[in-house]
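Visitor: Show me the folded form of this:
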Amino acid sequence: MFNRTPLVFLFVLNVALGCQDTSPKDNSAGRLPASTRKLDLSPRRGPVTPPPPRNAVLEASARAEIEASLRSEIDLVRVHAVEAARDATSHGTNIAFVQLLDDKSPVVRFATAMALGDLQSQSAGDALLQRINDDSPSVRIASAYALARAGDNRFLAEMKKGLLDPRPAVRGNACLAIGRLGDPAAAVALEPLLRDSIKEVRLQAAEALWRLGNERGLKYLVAATISPDAGAVKLGLLALAAPKDPRAATQMQSFLADDDHETVLVAARAMGIIGDADGYSLAIDATRSDIPRVRTLAAAALGDIAHPQSLPALAPLLKDPDPDTRLAASAAILKLRW
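Guide: A predicted model of the protein is given here:
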């Protein structure tokens with residue numbers, strides 16, 4: 001489907017926004033209402049609706065779906081499964097995926113190394129060291145990132161070298177890894193990529209800078225969200241949310257009333273990431289959409305809002321015919337705050 005060169009870079013974009021639904025789009029189906037209804041997650045003095053009890057059966061089903069997806073024959077499903085396993089593990093449900101460092105697909109190996117780095121895995125060091133000489137420069141970058149997160153800083157030069165690579169995919173992934181590593185001193189190396197010839201690389205550089213607290217990254221991402229490019233808007237919203245800085249909420253709020261239902265759900269998810277539940281009711285409504293991609297985005301939003309009252313809406317999606325929707329719902333269920 002894709003040629004080999006941009007494969008890993010496309011992983012970053014697809015994980016951010018979910019798999020593209022290649023079936024014909026009906027833009028009227030699944031349209032979300034423009035109004036928002038806020039779910040107040042703060043303590044209240046009056047009576048509140050209690051959340052449903054934890055459901056061990058549903059949680060076990062969610063875990064089983066992720067584990068089965070890790071064995072999928074479809075590369076992108078395995079990528080999304082790695083992301084779901086990472087999120088579940090970070091929320092206390094351990095799901096092993098380190099074996100995918102040996103996957104035949106570089107995009108899966110990249111996703112696996114990045115996820116292990118996000119989790120600061122101390123047990124995967126030997127396996128990651130074997131990937132420092134991987135055929136894919138993006139896998140080498142991700143392995144260097146994961147090792148650094150575990151305390152081994154010997155390979156940081158691999159990430160810096162990636163910023164100068166002639167391939168946009170490698171430059172973008174180097175930005176991603178450096179931003180997640182969190183060293184503010186790296187901003188000097190990242191700022192030139194705000195002028196990169198490739199839009200996606202510029203967005204990755206801006207997100208990385210914003211993660212490092214750099215205002216130039218923030219300004220670039222705000223500009224991306226008001227551009228006429230719908231894809232850049234959605235990527236910009238999620239990038240704004242990445243550092244979980246509440247200052248980004250104002251920029252996201254207006255998109256909850258956007259005409260495009262996918263943008264609404266991405267905004268709802270972005271706000272959930274920074275701890276704001278304004279998009280909760282919109283995401284609940286969207287779980288009943290006829291469009292698989294909308295259901296997937298709705299489940300992802302509910303996962304980042306993470307309120308247990310969304311369990312009844314997520315439960316039916318565990319049997320959804322679309323694999324990405326099932327994965328998003330599974331990850332969301334295991335991320336709920338009880």
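
Visitor: tell me, how many neighbours does residue 187 end up with?
Guide: 18 (other C-beta atoms under 10 Å). C-betas here are computed from N, CA, C, even on glycine.

Visitor: Show me where the stretch 101-250 of the chain has its helices.
Guide: 106-118, 125-131, 137-149, 156-162, 168-181, 187-190, 199-211, 215-225, 230-241, 249-253 (DSSP state H, counting those that start in this stretch).

Visitor: Go through those helices and find the least confident stretch.
Guide: Ranked by mean pLDDT, those end with helix 249-253 at the bottom, a mean of 91.

Visitor: Show me what that helix is packed up against.
Guide: helix 230-241, helix 261-273 (3 or more C-beta pairs under 8 Å, 6 or more residues apart in numbering; DSSP states H and E).

Visitor: hey, which of the ones you listed is tucked in deepest?
Guide: Ranked by mean neighbour count, the helices and strands packed on helix 249-253 are led by helix 261-273 with a mean of 27 (mean count of other C-beta atoms under 10 Å).

Visitor: Show me what that one is packed against.
Guide: helix 230-241, helix 249-253, helix 280-286, helix 292-305.

Visitor: Looking at the chain, which helix is longest?
Guide: Longest helix in the chain, counting residues (DSSP state H): helix 75-90.

Visitor: still on that earlier bit, for residue 263, find the nearest of the helices of the stretch 101-250 of the chain.
Guide: Evaluated with C-beta to C-beta, the helices of the stretch 101-250 of the chain place helix 230-241 nearest to residue 263, the distance being 6.0 Å.

Visitor: Using CSV, write out every CA atom in that closest one.
Guide: Provided in CSV are the C-alpha atoms of helix 230-241 (Å, rounded to 0.1, in the frame of the first residue of the first chain):
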residue,chain,number,x,y,z
ALA,A,230,-8.0,19.5,7.8
GLY,A,231,-5.3,17.0,8.4
ALA,A,232,-3.0,19.6,9.8
VAL,A,233,-5.7,20.9,12.0
LYS,A,234,-6.2,17.4,13.6
LEU,A,235,-2.5,16.8,14.0
GLY,A,236,-2.1,20.2,15.4
LEU,A,237,-4.8,19.7,18.0
LEU,A,238,-3.3,16.4,19.3
ALA,A,239,0.2,18.0,19.2
LEU,A,240,-1.1,20.9,21.3
ALA,A,241,-2.4,18.4,23.9
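
Visitor: Okay, angle between that helix and helix 215-225 too, please.
Guide: 140 degrees (axes from the mean of the first three to the mean of the last three C-alpha atoms, to 10 degrees).

Visitor: State the separation between helix 230-241 and the centre of the chain it belongs to.
Guide: 11 Å (C-alpha atoms, centre = their mean, to the nearest Å).

Visitor: Mind pulling up the pLDDT for the nearest residue to residue 87 once chain neighbours are set aside?
Guide: Spatially, and ignoring its direct neighbours in sequence, residue 87 is nearest to residue 331 (5.0 Å; C-beta to C-beta, 6 or more residues apart in numbering). Residue 331 is assigned a pLDDT of 97 by the prediction.

Visitor: so who does residue 242 touch?
Guide: Shown in contact with residue 242 (C-beta atoms under 8 Å, 6 or more residues apart in numbering): 179, 207, 210, 211, 273.

Visitor: Relative to residue 220, how far out is the third one?
Guide: Counting by C-beta to C-beta, to the nearest Å, the gap from residue 210 to residue 220 is 8 Å.

Visitor: now swap in the second one and tell me
Guide: Spatial separation of residue 207 from residue 220 under the definition C-beta to C-beta is 9 Å.

Visitor: ok, these two, which is more surrounded?
Guide: Between residue 207 and residue 220, residue 207 has the larger neighbour count (other C-beta under 10 Å), namely 31 against 20.

Visitor: related to what we said a few turns ago, is it possible to export the helices and strands packed on helix 261-273 to JSON lines including distance to residue 199?
Guide: As requested, the helices and strands packed on helix 261-273 are exported to JSON lines (distance: least, C-beta to C-beta, whole Å):
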{"stretch": "helix 230-241", "distance to residue 199": "7"}
{"stretch": "helix 249-253", "distance to residue 199": "19"}
{"stretch": "helix 280-286", "distance to residue 199": "27"}
{"stretch": "helix 292-305", "distance to residue 199": "22"}
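
Visitor: Residue 313 is nearest to which of the ones you listed?
Guide: The nearest among those, by C-beta to C-beta, is helix 280-286 at 5.0 Å.

Visitor: Counting by contacts, list what that closest one packs against.
Guide: Helix 280-286 packs on helix 261-273, helix 292-305, going by 3+ C-beta pairs under 8 Å, 6+ apart.

Visitor: just checking, residue 210 touches residue 236?
Guide: No: look at residue 210 against residue 236 with C-beta atoms under 8 Å: they stay out of range, at 10.1 Å.
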